[in-house]
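S.K.: my questions are about this predicted structure, shown below with the sequence.
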Amino acid sequence: MPPIESRTGLDSRAGTALFLKRWLRNPFSMGAVVPSGRLLAQAMARATFAAMRGRDGHVIELGAGTGEVTKALLAAGIPAHRLALVEREPELAAFLRSHFDGPRIVEGDAARLQALLQEQGVASVSAVVSSLPLLSLPAEVVRGIVHGVFEALPCGGALVQFTYGPTQPVPRALSQELGLVGTRGPRIWRNVPPAVVWTFRKPAGA
């Protein structure tokens, strides 16, 4: 297993405390009381690694939070220089900068993904992994985010997204409009709360 390119002592307790503080301020923007658990983060990392295998370009992490999924992505073998972490909240973005040396930290709104990538000079994307609470965001915001993701991805590229809900995290009407094919992973019962990782692709010609 390759070394994780993070600064010494990524403090999970400090990250959880910061995440909780942000949740108390604005629960609907966070989607959960605590960061993703280890098993969920690992499942997301495995799905992302499979999605980007054989493809050039960056792996984009949306809603990187306190870096729990980031650690799993690095541990799964995704090179730090190919990771771009998008985080809207300045306090969380600062936390990521103080704990990770290799990945690019992009402070901004995922709804402006195409503009953010252009500003950062990110020309190609191999996969996108998201911890955004799509089910609790306004429909027009979700629409903008998902459209932006699949404008950035090449044909066949994948969005990896988890959900706590019983249905897919990308609304069915939107996935049908874009011609997306969603693949559901197993429910991770030991996560709090239990979660499912979905992978969405836009087949060639869709």
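M.R.: Now that the structure is in, tell me what you want to look at.
S.K.: what's the end-to-end length of stretch 118-126?
M.R.: The stretch stretch 118-126 measures 15 Å between its terminal residues, going by CA to CA, to the nearest Å.
S.K.: repeat for stretch 152-162
M.R.: 20 Å.
S.K.: need the mean per-residue confidence for that stretch.
M.R.: Taken as a whole, stretch 152-162 has a mean pLDDT of 95.
S.K.: residue ranges of the helices in this protein, please?
M.R.: 12-25, 27-30, 38-52, 68-75, 90-99, 113-120, 139-152, 172-178 (DSSP state H).
S.K.: can you flag the weakest of the ones you listed by average pLDDT?
M.R.: Taking the mean pLDDT of the helices of the chain, helix 27-30 comes last: a mean of 47.
S.K.: before we move on, the earlier item: highest average neighbour count across the helices of the chain?
M.R.: Highest mean neighbour count of the helices of the chain: helix 68-75, a mean of 24 (counted as mean count of other CB atoms under 10 Å). (Glycine included, C-beta is placed from N, CA and C.)
S.K.: that older thread, for residue 107, which of the helices of the chain is the nearest?
M.R.: Proximity to residue 107 (CB to CB) singles out helix 90-99 among the helices of the chain, at 4.1 Å.
S.K.: so what does that closest one touch, helix or strand wise?
M.R.: helix 12-25, strand 83-87, strand 104-107 (3 or more CB pairs under 8 Å, 6 or more residues apart in numbering; DSSP states H and E).
S.K.: can you rerun that using 10 Å?
M.R.: helix 12-25, helix 68-75, strand 83-87, strand 104-107 (3 or more CB pairs under 10 Å, 6 or more residues apart in numbering; DSSP states H and E).
S.K.: pairing partners for the third one, with directions?
M.R.: Read that as strand 83-87. Strand 83-87 pairs in its sheet with strand 58-62 (parallel), strand 104-107 (parallel), by DSSP bridges.
S.K.: send the alpha carbons of the longest one over as CSV?
M.R.: Spelled out, that is strand 58-62. C-alpha atoms of strand 58-62 as CSV (Å, rounded to 0.1, in the frame of the first residue of the first chain):
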residue,chain,number,x,y,z
HIS,A,58,-7.6,14.3,-12.2
VAL,A,59,-9.9,12.7,-9.7
ILE,A,60,-12.2,15.4,-8.4
GLU,A,61,-13.6,15.0,-4.9
LEU,A,62,-16.6,17.2,-4.2
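S.K.: before we move on, back to that, buried deepest among the strands paired with strand 83-87, which one?
M.R.: Highest mean neighbour count among the strands paired with strand 83-87 (mean count of other CB under 10 Å): strand 58-62, with a mean of 26.
S.K.: and the most centrally placed residue in the chain, bridged to which residues?
M.R.: Geometric centre of the chain, nearest residue: residue 130, 2.2 Å, by CA atoms, centre = their mean. Judged by DSSP bridges, the bridge partners of residue 130 are residue 62, residue 161.
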